[in-house]
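S.K.: sharing a model that was predicted from the sequence below.
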Amino acid sequence: MPAKAHILIVDDDPELRDTVREYFDLNGYDVSSADGGEAMERVLAMRSVDVVLMDLNLPGEDGLALTRKLRDRTTGMAIIMLTGAGETIDRILGLEMGADDYLPKPFDLRELLARVKSVLRRSAAPPPRAVGIDSRPEMVRMGGCTLDLAGHRLFGPTGAEIPLTSMEFDLLQAFAHNPDRVLTRDRLLDIAHHKDADVFDRSIDVRIARIRRKIEPDPEKPQVLKTVRGAGYVFVSRPK
């Protein structure tokens, strides 16, 4: 049998931690909990974690600082931020620091479970396909970078790997499969598994800005992922 996915919830509310732990345990997950950064580090020192559920309002180091630390350390671990309903700025900062998703409090446990399943699906890279199995290329040039579709990896002009979150890869893959075609924000939200009733629907803009810092020579004057005013974004396969 496959190993259970390991979920770590970092929240200073003991009742919430116990509720989430019980619910995910009943749904077949392995769950650990921590009330802050020190306890989180103790869990991470003992075993690997697949998904971190990170509360932003923590005593001591807040969730934004911990998210930045985790993302600087690895891209293989998915991070879902748990935010207050009105904390739009914090959500933007969290996404800029590399969080994969966010969910406002109070949340429905069923929706949290759905979000966890979604980031786990995106984090699981498929095995490489044999070349020629379809007409799509395995390696796609994006400006000076190269996107490895089979390996879920991005390489810079020198060949060095550029870290990607699972959601950033999903968006780049969508552009790679639709070169020179405008993708609307709604379409990109659907691809990112994040189309919901939340008023913060500009998260795609935040993620595009983060991706541009990785693939554009000048992110302030993008030539690879261009904005089409009033329509969406387009991957220019042959920038001038």
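M.R.: Now that the structure is in, tell me what you want to look at.

S.K.: check the residue positioned nearest the centre of the chain and give its pLDDT.
M.R.: Central residue of the chain (CA atoms, centre = their mean): D100, 2.3 Å from the mean position. As summarised for this prediction, D100 has a pLDDT of 85.

S.K.: and if you look at the one 5 residues further on?
M.R.: For K105, the pLDDT comes out at 88.

S.K.: tell me who's in contact with the residue nearest to the centre of the chain.
M.R.: A78, I79, I80, V119, R122, T165, S166, M167 (CB atoms under 8 Å, 6 or more residues apart in numbering). (Glycine included, C-beta is placed from N, CA and C.)

S.K.: roughly how far apart are the closest residue in space to the third one that isn't next to it in sequence and D170?
M.R.: In other words, I80. The spatially closest residue to I80, leaving aside those adjacent along the chain, is D101, at 4.7 Å (CB to CB, 6 or more residues apart in numbering). Noted for D101: a distance of 11 Å to D170, by CB to CB, to the nearest Å.

S.K.: looking at the two, which one has more neighbours?
M.R.: With neighbours defined as other CB atoms under 10 Å, D101 and D170 compare such that D101 has more, 24 against 19.

S.K.: what segments of the protein are strands?
M.R.: Counting by DSSP state E, the segments of the chain that form strands are 6-10, 30-34, 51-55, 78-84, 101-105, 139-142, 145-148, 153-155, 161-162, 182-184, 225-228, 232-235.

S.K.: dump those to CSV, plus distance to A174.
M.R.: Below are the strands of the chain laid out as CSV (distance: least, CB to CB, whole Å):
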stretch, distance to A174
strand 6-10, 27
strand 30-34, 32
strand 51-55, 22
strand 78-84, 19
strand 101-105, 16
strand 139-142, 11
strand 145-148, 11
strand 153-155, 14
strand 161-162, 18
strand 182-184, 6
strand 225-228, 11
strand 232-235, 9
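
S.K.: what's the closest of those to A209?
M.R.: Ranking these by distance to A209, with CB to CB as the measure, places strand 225-228 first at 9.6 Å.

S.K.: return the set of buried residues in that closest one.
M.R.: L225, K226 (16 or more other CB atoms under 10 Å).

S.K.: paired strands for it, with orientation please.
M.R.: Using DSSP bridges, the neighbouring strands of strand 225-228 in the sheet come out as strand 232-235 (antiparallel).
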